[in-house]
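J.: Kindly generate the corresponding structure for this input.
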Amino acid sequence: MSNYILSCCSTADMPAEFFEQRKIPYVSFHFNIDGTDYPDDLGQTMAFDEFYNRIADGAMPTTSQVNVGQYMEFFEPFLREGKDILHISFSSGLSGSYNSALIAREDLCEKYPDRKIVIVDSLAASSGYGLIVDTAADMRDEGKTMDEIYNWIAENKTKLHHWFFSTDLSHYKRGGRISATSATLGTLLNICPLMKMSFDGKLTPYKNIRGKRQVIKEMVKKMELHAQDGVDYSGKCFISHSKCYDDARKVADLIEERFPKLSEKVMINSVGTVIGSHTGPGTVALFFYGDER
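T.: As a prediction, the model looks like this:
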């Protein structure tokens with residue numbers, strides 16, 4: 001039994017059962033929709049279908065990160081139990097939550113000088129972040145120390161690829177991320193933007209591709225090009241989607257066909273309510289380990 005807790009944020013976008021089975025406590029971001037605040041608790045308070053249906057009906061949710069006080073409230077019970085903490089944070093390129101965790105750490109280390117709190121910036125999001133957490137849990141279960149896991153993540157986090165596309169531009173238009181003209185033209189031309197995660201954990205545009213079938217093919221080609229050992233990749237592959245399971249399944253089927261040595265079937269998860277507040281419905285994201293991004 002390890003003498004430390006492995007924890008993360010809800011924005012790892014893994015199923016609630018995953019965190020329960022792997023014994024990984026998580027701290028929730030929050031979102032506000034139609035004037036009411038909710039925890040980002042993996043679809044338990046608000047089902048994902050309801051959330052994305054509200055967006056489709058015109059709702060514009062806003063999000064809030066985990067603040068210093070919430071981190072202290074989350075961490076302190078473990079410290080009182082005599083446990084150290086290894087917390088894997090949501091990408092600092094997308095949120096200030098990592099910095100809040102560092103501040104909470106400093107305050108709590110003064111109060112619990114015999115305990116150790118280690119915060120590591122994942123530079124990852126959604127189920128890519130979840131893939132790092134899953135790898136860390138495997139290492140913990142193998143008996144690795146906090147420092148060994150921290151060092152591994154620090155050395156390998158920029159080898160975790162994120163590729164994602166969107167087939168619905170309406171939410172991007174409502175949120176002001178693209179102009180009404182671009183959204184209308186993109187919809188008429190059936191444009192599906194393909195995006196990726198940069199080396200510093202920020203989401204960046206890659207290419208506009210015409211047609212869902214073509215963007216799926218291009219996404220899988222990117223995995224063939226960048227995955228460890230190419231088509232002989234033998235690690236795990238996760239996919240997340242925002243209410244477009246059929247599209248996610250098409251990507252997964254193609255990957256399982258092209259990468260016969262995968263360690264297990266592709267895991268498909270839902271994009272959670274916080275990340276989904278920014279993407280809206282119609283997004284598919286692919287995650288795997290590969291070369292330096």
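J.: Residues contacting the strand or helix carrying S100, please?
T.: Element membership for S100, per DSSP states H and E: helix 97-111. For helix 97-111, the surrounding residues in contact (CB atoms under 8 Å, 6 or more residues apart in numbering) are 9, 29, 65-72, 75-76, 79, 87, 89-92, 115, 117, 119, 121. Glycine gets a C-beta too; all of them are placed from N, C-alpha and C.
J.: Mind checking which of the residues you listed land in helices?
T.: Taking DSSP state H as the definition of helices, those contribute 68-72, 75-76, 79.
J.: any low-confidence regions in the stretch 51-200 of the chain?
T.: Per-residue confidence of the stretch 51-200 of the chain (counting by pLDDT under 70) places the weak regions at 168-189.
J.: Strands of that one, residue ranges please.
T.: Counting by DSSP state E, counting those that start in this stretch, residue ranges of the strands within the stretch 51-200 of the chain are 62-64, 84-89, 117-121, 160-166, 191-197.
J.: Dump those strands into a markdown table; add mean neighbour count as well.
T.: Formatted as a markdown table, the strands of the stretch 51-200 of the chain follow (neighbours: other CB atoms under 10 Å):
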| stretch | mean neighbour count |
| --- | --- |
| strand 62-64 | 15 |
| strand 84-89 | 24 |
| strand 117-121 | 20 |
| strand 160-166 | 25 |
| strand 191-197 | 21 |
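J.: Show me this protein divided up by domain.
T.: 4-157, 159-289 (automatic domain parsing).
J.: ok, back up a step: and the ones in helices among the contacts of helix 97-111, which are buried?
T.: Among those, those that count as buried by neighbour count (16 or more other CB atoms under 10 Å) are 68, 70-72, 75-76, 79.
J.: Looking at those residues, which one is closest to N151?
T.: Of all those, N151 sits closest to F75, with 21.4 Å by CB to CB.
J.: shouldn't M139 be in contact with D147?
T.: No. Assessed by CB atoms under 8 Å, M139 is found out of contact with D147, at 11.3 Å.
J.: So which of the two has more stuff around it?
T.: Neighbour comparison, M139 and D147: the larger count goes to M139, with 16 against 11 (by other CB atoms under 10 Å).
J.: what sits against the more buried one?
T.: Contacts of M139 by CB under 8 Å, 6+ apart are 148-149, 152.
J.: And stretch 228-242, how far out from the chain middle?
T.: Remark: stretch 228-242 is offset 15 Å from the chain centroid, using CA atoms, centre = their mean, to the nearest Å.
J.: Next: stretch 240-257.
T.: Relative to its chain's centre, stretch 240-257 lies at 16 Å (CA atoms, centre = their mean).
J.: Check stretch 266-278 too.
T.: Offset of stretch 266-278 from its chain centre (CA atoms, centre = their mean): 7 Å.
J.: ranking the contacts of M139 by neighbours, who comes first?
T.: I149 (23 neighbours).
J.: Who are the contact partners of the residue nearest the centre of the chain?
T.: Centroid check for the chain by CA atoms, centre = their mean gives S126 as the closest residue, at 1.3 Å. When the contact criterion is CB under 8 Å, 6+ apart, the partners of S126 are 11-13, 162, 240, 269, 271-272, 275, 285, 287.
J.: hang on, isn't Y233 packed against P260?
T.: No. Applying CB under 8 Å, one finds Y233 not in contact with P260, separated by 9.7 Å.
J.: neighbour-wise, which of the two wins?
T.: With other CB under 10 Å as the criterion, Y233 and P260 differ in neighbour count, and Y233 comes out ahead with 23 against 10.
J.: Now do T11 against F29, distance only.
T.: As for T11, its distance to F29 is 6 Å (criterion: CB to CB, to the nearest Å).
J.: Between these two, which is the more surrounded one?
T.: A count of neighbours by other CB under 10 Å puts T11 above the other of T11 and F29, at 32 against 24.
J.: Got the phi and psi for the nearest residue to that one once chain neighbours are set aside?
T.: Residue nearest to T11 in three dimensions, not counting chain neighbours: F90, with 4.6 Å by CB to CB, 6 or more residues apart in numbering. Dihedral angles phi and psi of F90 (degrees, to the nearest 10) take the values phi -60, psi 150.
J.: what about F90, distance to S10?
T.: If you measure F90 against S10 using CB to CB, the figure is 9 Å.
J.: Neighbour count: these two, which is higher?
T.: Counting neighbours by other CB under 10 Å for F90 and for S10 shows that F90 has the greater number, 30 against 23.
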